[in-house]
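S.K.: predicted model and sequence follow; I will ask about them next.
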There are 4 protein chains.
Amino acid sequence: MIFRTDLALEKQEALADASPRGVLHAVKEEDGVRVTTICIRNEKGEQALGKPKGTYITLEMPTPLTDKMLLSSLRRALSCELQKLLPQEGTVLVAGLGNESITPDALGPRAAKYLFATRHINGEIARVSGFGHLRPVAALAPGVLGQTGIETAEILESVARGISPAAVIVIDALSSRRLSRLGTTVQLTDTGLSPGSGVGNKRAEISLRTLGVPVVAIGVPTVVDGATLIADWLDSYGIDPRREPRFSQESFMMVTPKEVDLLIDRAAQVVAMGINCALQPTLSEQELLELVK
Amino acid sequence: MIFRTDLALEKQEALADASPRGVLHAVKEEDGVRVTTICIRNEKGEQALGKPKGTYITLEMPTPLTDKMLLSSLRRALSCELQKLLPQEGTVLVAGLGNESITPDALGPRAAKYLFATRHINGEIARVSGFGHLRPVAALAPGVLGQTGIETAEILESVARGISPAAVIVIDALSSRRLSRLGTTVQLTDTGLSPGSGVGNKRAEISLRTLGVPVVAIGVPTVVDGATLIADWLDSYGIDPRREPRFSQESFMMVTPKEVDLLIDRAAQVVAMGINCALQPTLSEQELLELVK
Amino acid sequence: MIFRTDLALEKQEALADASPRGVLHAVKEEDGVRVTTICIRNEKGEQALGKPKGTYITLEMPTPLTDKMLLSSLRRALSCELQKLLPQEGTVLVAGLGNESITPDALGPRAAKYLFATRHINGEIARVSGFGHLRPVAALAPGVLGQTGIETAEILESVARGISPAAVIVIDALSSRRLSRLGTTVQLTDTGLSPGSGVGNKRAEISLRTLGVPVVAIGVPTVVDGATLIADWLDSYGIDPRREPRFSQESFMMVTPKEVDLLIDRAAQVVAMGINCALQPTLSEQELLELVK
Amino acid sequence: MIFRTDLALEKQEALADASPRGVLHAVKEEDGVRVTTICIRNEKGEQALGKPKGTYITLEMPTPLTDKMLLSSLRRALSCELQKLLPQEGTVLVAGLGNESITPDALGPRAAKYLFATRHINGEIARVSGFGHLRPVAALAPGVLGQTGIETAEILESVARGISPAAVIVIDALSSRRLSRLGTTVQLTDTGLSPGSGVGNKRAEISLRTLGVPVVAIGVPTVVDGATLIADWLDSYGIDPRREPRFSQESFMMVTPKEVDLLIDRAAQVVAMGINCALQPTLSEQELLELVK
């Protein structure tokens, strides 16, 4: 597809037929955050959207992640939707994917630093530390293939086999088709993901099928693919970008806001705190904030 | 100008008249590196190229900064051209400009880490350490306005007044019009610069006029401006981008390679080592490499 | 002196005469934080304590910086005492001294990241951003001599001459004589400091005398000097450490908690937020927290 | 034991009987590096030295890691001794243990950044890239328990089960009894290790027994335990430190050089390059240096 996007919502928007067969679609708004749920129910839906069967929840804010009130709304919405996708009990393994040295790809590793890992805080220590019941959480930033020589999917499969979590959450930077979505949108899905797809290197799948437990992927668009941006402009002038022979470097380029560091840092905090709140309902947001800083 | 670039070479390429009045132009090639010297000699030249009077030297490699031989050639060419622009003696203040948290803007601060600061290594210590004569070099990474509340130009003016250098070198990330120039080109100029111009925030000038001593700016293009990229594509289809009313977010976007971290790291090393070699001719490249690591 | 300490309080504790001439001494307690004020009033006092004339305020917590309530108390006490030492109006330049690459010396640079720099947010922008009156604050992390080739004192003198602040605040890691003081104590003084004294490299003075405006130094002990620790133990056994000929490497060693990263991070936040609150009384602590993250 | 050390060599030095039964001991010198091999052959030897059966090779330099010639000698000696402990063929998993945020504990994670991971560079890519045969190497920095909630040993067991290496190498910071050994000594052993023992938190074993393949541990002493330092001094005055009731905080303290950042960085490079050279004999040291920077 010439218009690259990791968002099911944008795939749907691109369709001629707004309500394809096999796809359910619902929208609500809560405290200024728009929540769109897309369910791909069968192969028809898979073909229409070019994405695997499952649920895709998109949280959209009207503006970038700077308004304090909206950030809180977004965090709450994320926490609430995440709880619906996870089993109620059992260890959760959370992995922040991506390359920490490339700012727009650093969402996962940065979010991992704000996660509250609790799996090692068992009975006795938890009591002494004044914690009540803590859900066991493990947190990893497995690095990228070029640094480790191991596919992220392989590392997660191995670790999941080792610690037998009830569910896995993966956090990754996504690519969007629209500049306006960068840093304003969060997508949750129970279909897992292929890491690196956000910056164009498709890797082995991380999903229920490969890990054997539910996998929720949480992503925030941080880049638009270079070729997609141009194709969209050409398209708006009636030029068919598929007939454009000159795309080459553009496909190796990403388009990202000049203030991408702030975008990434705020998004990492929102995602991590949304996860922390969803997994530790006995602790308040304020308590969790102080635990992870 | 709708096509943003910090490279005098690209300004010239964009002209209808290839040899405008008031502009001299010379090209040579050395060990695979193309060296283009553009001299803007008077106001006519300034108007033609939209850049201040002075010398602009562009070093171009045929490919990105990965080929070892070419990297060495580039480092030598940089060192050699830099020496021509600097006074032969006296303290040199080198400043790495930009925001370390935004990978494509981090060239300056990263290069600063590879600089060999020597101003404090005076007679006695230098002798004991086995150094012969060292030219005094001070190295700063002054941060960006949003972090410090002080314009970079103000900090450099103050420090220059304090330590009275014979010359100042500033290192900054640049914006180019062409994707193919990202990480393959180095520009040196004796006109100084306005920091932040590479990512679109024009700041106070840093130049002979404001600092009172020669200022050489060394830059590497690391981004193409979002609006420039699209404008160029529209232009190639005969659409006049100046009549395009929809540019808005695009101007706040940068286009940069997906592997921008490697690009920045290699460029920072080439620039810093080129400076180190130019300033310490009594030490070999190998010795300097070991001193700054 | 064989027992190295940067704390006036510990100098006083070491005296045979608990109330030397020329030294005033007062203690109070507020919300669990002990506040000791030592005034060295004249040369007699200077000789007794081996420190320059001025006010030294020590804030002590009973435990390391982990208790949330105590942290808030400490932050408030710091903010309150700092306000007494500063002029009520005018630009304040805050500098975080030390080497970011050495964890126990990184207090200053890390605190600088949590400072709210406002000097560039003037009338129009401030109004649009919804801020009321902001006191102008500039924030620097000038690096260390080995990296820059310039004495920190020189950089601060230059920048202070350039931006003419009403006062300067410097933040630095200190050395203490007692392990129990690491990360539990804050010292404020209107006498300024000599950077690097915390890790044993005495540098040029930074003070009212050298900068021409009031200089408040804020420090947290993060290390005990290796030789001091041993000397104290020998002393406790009646062995005179001054007669110990074998101290050599010990003087180049620092003793620091194994969890020094947490200590530094909490201390940096407390110090920075204490400064932010003291300088921006129109903003709440919560608002300031969100502005600097 | 009151004198904590991770070095078999120091355990042996502390013995009254210089040649205990069950322990073989050999010393040689090469290019200024002293190589001591200690073989613990049976239970008698284990009891004598308080360490598990196996080979311990200690490389000692007369001075800290600053002399260029000696650094090269050390790297070569490390590479040479390492090759003897590893199988000749097959994938090697290298893990850099420790906490990156605590400078003296950051040896492992920093070394991991200088490792040349090759497992993903297979036939086709390797040929195109101009590499001949590359031995497959995977590189991990698994983080610490407090960040991940997972024991390092668990992560390594899982990943080793996943990628079936022929051998595992673990890199960790060690504690020494002697200040003079910090940054001047490297220990290799085929007995594996318990991570965190360097800073006093004993963790699950990482060894042939637990991973099922040969495990070589490479460590550099970066700290002396606080209590050990004092105990040694007391001991030198004939005071029995075991009868000292006041050790408490000291055990949570580490003693480390003030310039620990340089020490760690040089040690990380020596260890990583020693490993790279041992694993890729078809590449020169210079080629490897350029590949990992």
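M.R.: Looks like it arrived, so ask away.

S.K.: name the helix or strand for the closest residue to residue A:188 other than its chain neighbours, please.
M.R.: Spatial nearest neighbour of residue A:188, chain neighbours left out: residue A:57 (4.5 Å); criterion: Cβ to Cβ, 6 or more residues apart in numbering or on different chains. Any C-beta I mention is one placed from the backbone N, CA and C, and that applies to glycine too. Per DSSP states H and E, residue A:57 falls inside strand A:54-60.

S.K.: and for residue A:256, the neighbour number?
M.R.: Applying other Cβ atoms under 10 Å in any protein chain shown, we find 32 other residues in the vicinity of residue A:256.

S.K.: give the buried residues for the helix or strand hosting it.
M.R.: Using DSSP H and E, the element containing residue A:256 is strand A:253-257. Within strand A:253-257, the residues scored as buried using 16 or more other Cβ atoms under 10 Å in any protein chain shown are A:253, A:254, A:255, A:256, A:257.

S.K.: got the residues of chain A near chain D?
M.R.: Neighbours of chain D within chain A, by Cβ under 8 Å from any Cβ of the partner chain: A:112-113, A:117-121, A:136-141, A:143, A:145-151, A:154-155, A:157-159, A:161-163.

S.K.: need the contact list for the closest residue to chain B within the stretch 1-150 of chain A.
M.R.: Chain B sits closest to residue A:101 of the stretch 1-150 of chain A, with a gap of 3.9 Å, by Cβ to the nearest Cβ. Going by Cβ atoms under 8 Å, 6 or more residues apart in numbering or on different chains, residue A:101 touches B:103, B:261.

S.K.: swap the cut-off to 10 Å and go again
M.R.: By Cβ atoms under 10 Å, 6 or more residues apart in numbering or on different chains, residue A:101 lies in contact with A:109, A:144, A:147, B:103, B:106, B:259, B:260, B:261, B:262, B:264, B:265, D:113.

S.K.: how would you label the closest residue to residue A:137 other than its chain neighbours: helix, strand or coil?
M.R.: Among residues not flanking residue A:137 along the chain, residue A:118 sits closest, at 4.8 Å (Cβ to Cβ, 6+ apart). Here residue A:118 is recorded as coil under DSSP: H, G, I helix; E, B strand; the rest coil.

S.K.: residue A:118: neighbouring residues, count only.
M.R.: Residues lying near residue A:118 (other Cβ under 10 Å) number 22.

S.K.: check residue A:220 too.
M.R.: By the measure other Cβ under 10 Å, the count of residues near residue A:220 is 29.

S.K.: got it, and the one 4 residues further on?
M.R.: Counted by other Cβ under 10 Å, the residues lying close to residue A:224 total 28.

S.K.: for the nearest residue in space to residue A:144 that is not next to it in sequence, what are its contacts?
M.R.: Distance criterion Cβ to Cβ, 6+ apart; nearest residue to residue A:144, sequence neighbours excluded, is residue A:99 at 4.6 Å. Residue A:99 is in contact with A:105-106, A:108-109, A:143-147, A:173, A:196, A:199, B:103, B:258-259, B:261, counting by Cβ under 10 Å, 6+ apart.

S.K.: for these, work out which two are farthest apart.
M.R.: Spatially, the most separated pair among the contacts of residue A:99 is A:145 and B:103, at 18.8 Å (Cβ to Cβ).

S.K.: these two: which has the busier surroundings?
M.R.: residue B:103 (27 against 23).

S.K.: quick check: pLDDT value at that one.
M.R.: pLDDT recorded at residue B:103 is 91.

S.K.: on that earlier part again, so which of the contacts of residue A:99 sit within helices?
M.R.: Among the contacts of residue A:99, the members found in helices (DSSP state H) are A:108, A:109, A:145, A:146, A:147, B:261.

S.K.: tell me the bridge partners for the residue nearest the centre of chain A.
M.R.: Centroid-nearest residue in chain A, with Cα atoms, centre = their mean: residue A:219, separated by 1.6 Å. Legend: beta-bridge partners of residue A:219 under DSSP bridges are residue A:172, residue A:187.

S.K.: from the chain's centre, how far out does the host helix or strand of residue A:276 sit?
M.R.: Element membership of residue A:276, judged by DSSP H and E, is helix A:260-279. Offset of helix A:260-279 from its chain centre (Cα atoms, centre = their mean, to the nearest Å): 11 Å.

S.K.: with only the CA atoms kept, save it in PDB.
M.R.: Provided in PDB are the C-alpha atoms of helix A:260-279 (Å, rounded to 0.1, in the frame of the first residue of the first chain):
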ATOM      1  CA  VAL A 260       9.800  15.500  18.900                       C
ATOM      2  CA  ASP A 261      11.600  15.100  22.200                       C
ATOM      3  CA  LEU A 262       8.800  16.700  24.100                       C
ATOM      4  CA  LEU A 263       6.200  14.700  22.200                       C
ATOM      5  CA  ILE A 264       8.000  11.400  23.000                       C
ATOM      6  CA  ASP A 265       8.500  12.300  26.600                       C
ATOM      7  CA  ARG A 266       4.900  13.200  27.300                       C
ATOM      8  CA  ALA A 267       3.600  10.200  25.300                       C
ATOM      9  CA  ALA A 268       5.900   7.900  27.200                       C
ATOM     10  CA  GLN A 269       4.600   9.100  30.500                       C
ATOM     11  CA  VAL A 270       1.000   9.000  29.400                       C
ATOM     12  CA  VAL A 271       1.300   5.400  28.100                       C
ATOM     13  CA  ALA A 272       3.400   4.200  31.100                       C
ATOM     14  CA  MET A 273       1.100   5.800  33.700                       C
ATOM     15  CA  GLY A 274      -2.000   4.500  31.900                       C
ATOM     16  CA  ILE A 275      -0.500   1.000  32.100                       C
ATOM     17  CA  ASN A 276       0.600   1.400  35.800                       C
ATOM     18  CA  CYS A 277      -2.900   2.600  36.800                       C
ATOM     19  CA  ALA A 278      -4.600  -0.200  34.900                       C
ATOM     20  CA  LEU A 279      -2.400  -2.800  36.500                       C
END
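
S.K.: and after it, which helix or strand comes next?
M.R.: helix A:285-292.

S.K.: now the residue of the stretch 51-200 of chain A found nearest chain C, nearest residue through space, not along the chain?
M.R.: For the stretch 51-200 of chain A and chain C, the shortest gap (Cβ to the nearest Cβ) falls at residue A:68, measuring 5.8 Å. Leaving out its chain neighbours, the residue that sits closest to residue A:68 by Cβ to Cβ, 6+ apart is residue C:290, at 5.8 Å.
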